[in-house]
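coords below, sequence missing:
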């Protein structure tokens, strides 16, 4: 698994999240808070997680069916999954330290 944040590109979603820890960031190009969250993920969260968890951005305009599956009402919306199951969820811009702590907890648990 590569370090950093990956843009979802239509691959088999269920297989992608089936094993390990995954942070999903639901966003859109027109959403300024989403851009702020993306920068936090890329510059602060990804270096601290070091590839131990997948960080995946999902554009809600391109993949509305996945956003609907998670009941996304507002963006940015973030979900942390472990072996395909939601363990944490957030709406709005989140601080890097809170996300790193939640990811560490999911990785340990």
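Received it, and whenever you're ready, just let me know what you need. What you see is a predicted model, and the numbers here were worked out from it, not measured in a lab.

so where is the chain shaky, pLDDT-wise?
1-3 (pLDDT under 70).

determine the longest helix present in it.
Longest helix of the chain, by residue count under DSSP state H: helix 96-108.

so residue 37 makes contact with residue 23?
No. Residue 37 is beyond contact range of residue 23, at 10.8 Å (criterion: Cβ atoms under 8 Å). For the C-beta atoms, the positions are set from N, CA and C on the backbone; glycine is no exception.

joint contacts of these two?
residue 78 (Cβ atoms under 8 Å, 6 or more residues apart in numbering).

center of the chain, which residue is that?
residue 24 (2.1 Å; Cα atoms, centre = their mean).

do a quick rundown of the helices in the protein.
Under DSSP H, the chain gives helices at 13-17, 32-40, 46-49, 64-69, 96-108.

and the last one, what does it pack against?
What it means is helix 96-108. If you count contacts as 3 or more Cβ pairs under 8 Å, 6 or more residues apart in numbering; DSSP states H and E, helix 96-108 packs onto strand 21-27, helix 46-49, strand 77-82, strand 85-91.
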